[in-house]
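Engineer: Build me a structure from this.
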Amino acid sequence: MNNTSTGEILTPSQLNTLARSLLEDTFPLVLVEGELGNVARPASGHLYFTLKDARAQVRCAMFRPRSTWLKFQPREGLKVLARGRLTLYEARGDYQLVLDSLEEAGEGALRRAFEELKAKLQAEGLFDTDRKRPLPGLVRRLGVITSPTGAAVRDVMSVIGRRFPLLEVHVLPVPVQGEGAAARIVQMLHGAVASGRYDALLLTRGGGSLEDLWAFNDEALARAIAASPVPVVAAIGHETDFSLAEFAADLRAPTPSAAAEQLVPDAAELLAKLRGHQRRLATFGSHRLAQAAQRADRAALRLHAMRPRARLDALCQRQQQALRRLRAAFSVQLERRQAALRHAQGSLRAHAPGRRLAALGGHLAEIHPRLHAALPRQLERKSLQLAGLARALEAVSPLATVARGYAIVQREDGAVVRSVDDVGTGEVVNARLPDGRLRLKVLA
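Structural biologist: All right, here's what the predicted structure looks like:
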C-alpha cells in the first residue's frame, strides 16, 4: 500500500516502532488515577491489570521486583494512583503503561486505613461491651461536642427542647472535619471531663463522605473516648455510617436526633409517671393510715378489757406479801446465825489458850523434880555399861597381846604379815610394839 502523503511504505514493525518512540517521547512520566480491573499475577511475579474509569481503560504492567514491594494487595475495584511511563508493546501493537509505583488513592486508602486501625483497637479490647459505662438515669447537665453551626446541633437542641426543656445543655464548639479537627475534639473532650460539670457527653455531627468523617476515625480520639470517666454518646453521620469514635463510645446512636432522644426523657411521659407514683403513694398512705387506726382501736379495747387499775392493785398486794415473807425469812435466819455465834463463843471460851497454858505449866512443874532425880541414876547406869564394854573389848584386842611381848608385823600397804611367804627379800615392813613402831628390812 502506498502512503499518499510521503510516498513511503511501512511495515507493521516499523509503524509500531515509530508509534512507541512517539509515545515515550511525548509521555516520559505520567500519574494516572483509576480503578483496578482484570488483575493478574502469573508465576513470573509480574503484575498485569487494567486501569479504568467510567468511559475508558488502559493496560498496565508492573514488573518484578517493583511488584513485590507493594504495601497492599491489588484487587478488583480498588482505586489506585499509578506512576509510570507510557509505551507500546510492538509485538501486538498494544500501548500500555509500565509502572514504577502504585498506591491506593482516595476513599479506598481511607477505607483500608479505617479497617486496619479498627482491627488493632478491637484486638486491644477498646470496643468491648463490658468496659462501657452505663448512662445516668437522669442527665442534669449535658455537654454537646460538635460544630456550633452544623445541622446536628440544631437537631439535638430541637429534640431536647421538645422532650425535656429543663435539661441544662452546653454546646462545646469544635471543627468536625479538616486538618487538626481530631486534635481539637480530643482537647475539648479532655477539658469537659476535667471540669467535672457534665453527667454525660454527646459527640455528634451530620452526614458526609468517608473523607469528611475522617476526623472521627482518629486513634487518639478513640482512646480518649474509651478512657473518659464520663459516659460518652456518639452519633456521627447517617445511620449507615460507622466511625471508630462510635465503636469506642459507651452508646452509639444512628443520628443526632436519636442520640438526644436516648439521653433525655419525654417530659410528658415523665409527668404521667410522676402522677401515677403520686396516686399510688396517696392510696398507700391512706391504706396504712386506716390500718394504724384499726390497730389503735383494737389496743384501746384490749386496754379497757384488761382494767389496768385492778391489775396494778393486785401487783401492789403481791409486792406487800412478798415483802412480809422476806422480812420473816430474814428474822428466822438472823436468829439462827446469832445462836450459832453464841455456841461458837462458848466453845472458844472452853478451849481458851490461857487456861490450857496454865494447866500445862502445872504439869511441867510436877514432872520437873522427877526429871532431875532420874538423870543421875541414868548416867551412873550408862557409865557402868560402858566400863563393862571397854573391858570386853580390851580382852579381845590385839594390843593386849602386844603388851605381853609380841609384835604385829605389817607391810607398807598396811596388810598384816601372817606368813614368811607374805614378804620377799629386801622388802621393808613395819613392826608395831607396845611403845612404838619399827621399820625392818627383810634380808632372807
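Engineer: The stretch 251-400 of the chain: helices as residue ranges?
Structural biologist: Ranges of helices in the stretch 251-400 of the chain, per DSSP state H, counting those that start in this stretch, are 256-263, 267-306, 308-350, 353-396, 398-403.
Engineer: Nearest to Gly37 among those would be which one?
Structural biologist: Comparison of the helices of the stretch 251-400 of the chain against Gly37 by CB to CB identifies helix 256-263 as nearest, at 39.1 Å. Any C-beta I mention is one placed from the backbone N, CA and C, and that applies to glycine too.
Engineer: Mind checking the pLDDT average for that closest one?
Structural biologist: Across helix 256-263, the average pLDDT comes to 90.
Engineer: Are there helices or strands packed against that helix, and which ones?
Structural biologist: With contacts defined as 3 or more CB pairs under 8 Å, 6 or more residues apart in numbering; DSSP states H and E, the packing partners of helix 256-263 are helix 151-163, strand 200-205, strand 232-236.
Engineer: between it and strand 200-205, how big is the angle?
Structural biologist: Counting by axes from the mean of the first three to the mean of the last three CA atoms, to 10 degrees, helix 256-263 lies at 170 degrees to strand 200-205.
Engineer: what inclination does helix 256-263 have with respect to helix 151-163?
Structural biologist: 40 degrees.
Engineer: outside of helix 256-263, which residues touch it?
Structural biologist: Outside helix 256-263, the residues within contact range by CB atoms under 8 Å, 6 or more residues apart in numbering are 135, 139, 142, 146, 152-153, 155-156, 158-160, 163, 200, 202, 204-206, 233-235, 251, 253.
Engineer: hey, which of the helices of the stretch 251-400 of the chain is tucked in deepest?
Structural biologist: helix 256-263 (a mean of 22; mean count of other CB atoms under 10 Å).
Engineer: follow-up on the earlier one: whichever of the contacts of helix 256-263 end up buried, select them in PyMOL.
Structural biologist: Command for PyMOL, covering only those of the contacts of helix 256-263 found buried under the criterion 16 or more other CB atoms under 10 Å:
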select buried, resi 135+139+142+146+152+153+155+156+159+160+163+200+202+204+205+206+233+234+235+251+253
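Engineer: Switch the helices of the stretch 251-400 of the chain over to JSON lines; also include distance to Ala105.
Structural biologist: Shown next, in JSON lines, are the helices of the stretch 251-400 of the chain (distance: least, CB to CB, whole Å):
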{"stretch": "helix 256-263", "distance to Ala105": "31"}
{"stretch": "helix 267-306", "distance to Ala105": "51"}
{"stretch": "helix 308-350", "distance to Ala105": "101"}
{"stretch": "helix 353-396", "distance to Ala105": "132"}
{"stretch": "helix 398-403", "distance to Ala105": "148"}
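Engineer: In terms of mean pLDDT, which of those ranks lowest?
Structural biologist: Among the helices of the stretch 251-400 of the chain, helix 398-403 has the lowest mean pLDDT, at a mean of 68.
Engineer: got the buried residues for the helix or strand following that helix?
Structural biologist: For helix 398-403, the succeeding helix or strand toward the C-terminus, using DSSP states H and E, is strand 408-411. With burial defined by 16+ other CB under 10 Å, the residues of strand 408-411 counted as buried are Val409.
Engineer: what's strand 408-411 packed up against?
Structural biologist: The elements that strand 408-411 packs onto, with contact taken as 3+ CB pairs under 8 Å, 6+ apart, are strand 428-433.
Engineer: partner strands of the strand it packs on, parallel or antiparallel?
Structural biologist: strand 408-411 (antiparallel), strand 436-441 (antiparallel) (DSSP bridges).
Engineer: Dump those to a markdown table, plus mean pLDDT and distance to Leu121.
Structural biologist: Shown next, in a markdown table, are the strands paired with strand 428-433 (pLDDT from 0 to 100; distance: least, CB to CB, whole Å):
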| stretch | mean pLDDT | distance to Leu121 |
| --- | --- | --- |
| strand 408-411 | 84 | 119 |
| strand 436-441 | 84 | 125 |
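Engineer: Which one, of these, ends up nearest to Pro28?
Structural biologist: Here strand 408-411 is closest among those (CB to CB), at 147.5 Å.
Engineer: what residues does that closest one touch?
Structural biologist: By CB under 8 Å, 6+ apart, the list of residues contacting strand 408-411 from outside reads Pro398, Val402, Val416, Val417, Asp422, Val423, Glu427, Val429, Asn430, Ala431, Arg432, Leu440.
Engineer: PyMOL command for the buried members of those?
Structural biologist: For the buried members of those, the matching PyMOL selection, counting by 16+ other CB under 10 Å, is:
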select buried, resi 402+417+423+429+430+432
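Engineer: these two touch, right, Pro265 and Leu138?
Structural biologist: Yes - contact criterion CB atoms under 8 Å: Pro265 and Leu138 qualify, at 7.1 Å.
Engineer: Same drill for those two, tell me which one is more crowded.
Structural biologist: More neighbours surround Pro265 than the other of Pro265 and Leu138, with 17 against 11 (other CB atoms under 10 Å).
Engineer: wait, what's in contact with the closest residue to that one other than its chain neighbours?
Structural biologist: Closest residue in space to Pro265, ignoring its immediate chain neighbours: Phe164 at 5.8 Å, by CB to CB, 6 or more residues apart in numbering. Residues near Phe164 by CB under 8 Å, 6+ apart: Val264, Pro265, Asp266, Ala267, Leu270.
Engineer: where's Phe164 relative to Ala260, distance?
Structural biologist: From Phe164 across to Ala260, the span is 9 Å (CB to CB, to the nearest Å).
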